[in-house]
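A.B. asks: Test case, fold it:
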Amino acid sequence: MPPIFLSPPSLTWCGIFSSLMMAAATGDEYVRDSVKDYYGKRLKSAKDLKTVSCKTTPTGLPKPVREALSDIHDEVVRRYYGCGLVIPEQVKGIRILDLGSGSGRDCFALSKLVGENGYIVGIDMTDEQLEIANQYIDYHRDKFGYKKSNVEFVKGYIEKLTEAGLKENSFDAIISNCVVNLSPDKKAVLREAYKVLKVGGEVYFSDIYCDRNLPESARKHEVLWGECISGALFWKELFSLAKEVGFSTPRMVSVSPVPITQPEFKEVIGDAQFVSVTYRLFKLPETKQPARQVIYNGEIPGHETELKFDFAVTFKKGDLVPVDSELSTILDSSRYKEEFEFQPAGKMCCSPTTKMELNPFEYMEILKKDGKLPAPSCC
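C.D. replies: Sure, this is the predicted structure:
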């Protein structure tokens, strides 16, 4: 039986009856219809959100990223919802796909960062969001001084990328900002992402995760689903899904708390805790590289002195750093290859043994103890 969402008190009984009738469709279809209605018709700006989970406060950004974001049209920013910043490093001249691109904020920022020879595709299922994004394509083309736009927006589902006309092995990177949790079939999202990525490509995405499997009462709450809470994965599930699809081990980049304080929502989720995490996953070649030593050249714009690759690994310019087989393969097969000098592992060299499958809630406690925990997501 498909899920029957519990509507908030503000909805009329007529609306609830309509929701029950819509549940005659498949569960996945109803979830998608509910999300489309929430982001297309109910939300008019970030101020309309009921929780802080789909709002973002980017801090400590490299200068090129700050400048790109400052050039985005106000209306695009006003209609933007996200739980993190998903602008990876070293993007000049590459092809990037944005899953659930919404009003297009990240797409337009990346449009400037990849340059006129790069290309950005945003896919979204919501007509109202696509209308906003398409409306400002020419504005940003002119703003960046391009002869022709390097951005396009496609209508479709993130679980069905190839059906939407996106070619396999055609993208260098995929981003997503607080969208995967809105999908009723997250394995399908990762599977399709894997298909359209080139070998060596990565998925760099922010999303909401939970410290447990949520009860059915939470999974069926219509507003909490639209607010990125009901669909949040138990964080460990991401690692098993990534492995099943074929991706590298998820590498945690950043984390920030997502407090849910409203009494009416606390009644539904109980003691469950939520966190916003940015992860990166890579599509690796079949032939893996051995553990080696690498030296970062410091030539990535905005990261001239060091490159923070994930929570455990930071490459300082000129330093010799030992890396294990997986990270060695990632660097060798991806767009980062030209930024590193590779050397054999020395006799006294030991590759790092940091466990990538770290509980993000435990990591938050470490950051909190060190006084480095980011502020909760907010407007």
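
A.B. asks: Quick check: residue 220 touching residue 230?
C.D. replies: Yes. Judged on CB atoms under 8 Å, residue 220 makes contact with residue 230 at a distance of 7.5 Å. Using the backbone N, CA and C atoms, a C-beta is placed for each residue, glycine as well.

A.B. asks: Comparing the two, which residue is more hemmed in?
C.D. replies: The residue with more neighbours, out of residue 220 and residue 230 and counting by other CB atoms under 10 Å, is residue 230; that gives 26 against 18.

A.B. asks: what helix or strand is that one on?
C.D. replies: Residue 230 is located outside every helix and strand, with elements delineated by DSSP states H and E.

A.B. asks: next one: residue 276
C.D. replies: The secondary structure element spanning residue 276 is strand 274-282 (assigned by DSSP H and E).

A.B. asks: Following that strand in sequence, what is the next regular element?
C.D. replies: Next along the chain after strand 274-282, taking DSSP H and E as the criterion, comes strand 292-296.

A.B. asks: ok, residues contacting that next one?
C.D. replies: 306-307, 315-323, 328, 331, 339-346, 349 (CB atoms under 8 Å, 6 or more residues apart in numbering).

A.B. asks: let's go with 7 Å and repeat that
C.D. replies: For strand 292-296, the external contacting residues (CB atoms under 7 Å, 6 or more residues apart in numbering) are 307, 315-323, 328, 331, 339-346, 349.

A.B. asks: ok, and for it, which residues are buried?
C.D. replies: Within strand 292-296, the residues scored as buried using 16 or more other CB atoms under 10 Å are 292, 293, 294, 295, 296.

A.B. asks: Tell me the bridge partners for the last one.
C.D. replies: If I follow you right, that is residue 296. Beta-bridge partners recorded for residue 296 (DSSP bridges): residue 317, residue 340.

A.B. asks: is it true that residue 197 touches residue 175?
C.D. replies: No. With contact defined as CB atoms under 7 Å, residue 197 does not count as touching residue 175 (11.7 Å).

A.B. asks: When the two are compared, which one has more neighbours?
C.D. replies: When neighbours are counted by other CB under 10 Å, residue 197 and residue 175 differ, and residue 175 comes out ahead with 28 against 23.

A.B. asks: The more buried one in helix, strand or coil?
C.D. replies: Three states are possible here, and by DSSP: H, G, I helix; E, B strand; the rest coil the one that applies to residue 175 is strand.

A.B. asks: hang on, isn't it packed against residue 86?
C.D. replies: Yes. In this structure residue 175 lies within contact range of residue 86 using CB under 7 Å: 4.1 Å.

A.B. asks: so what sits against both of those two?
C.D. replies: 106, 204, 205.

A.B. asks: For residue 276, see how far away the last one is.
C.D. replies: In other words, residue 205. Here residue 205 is placed at a distance of 11 Å from residue 276 (CB to CB, to the nearest Å).
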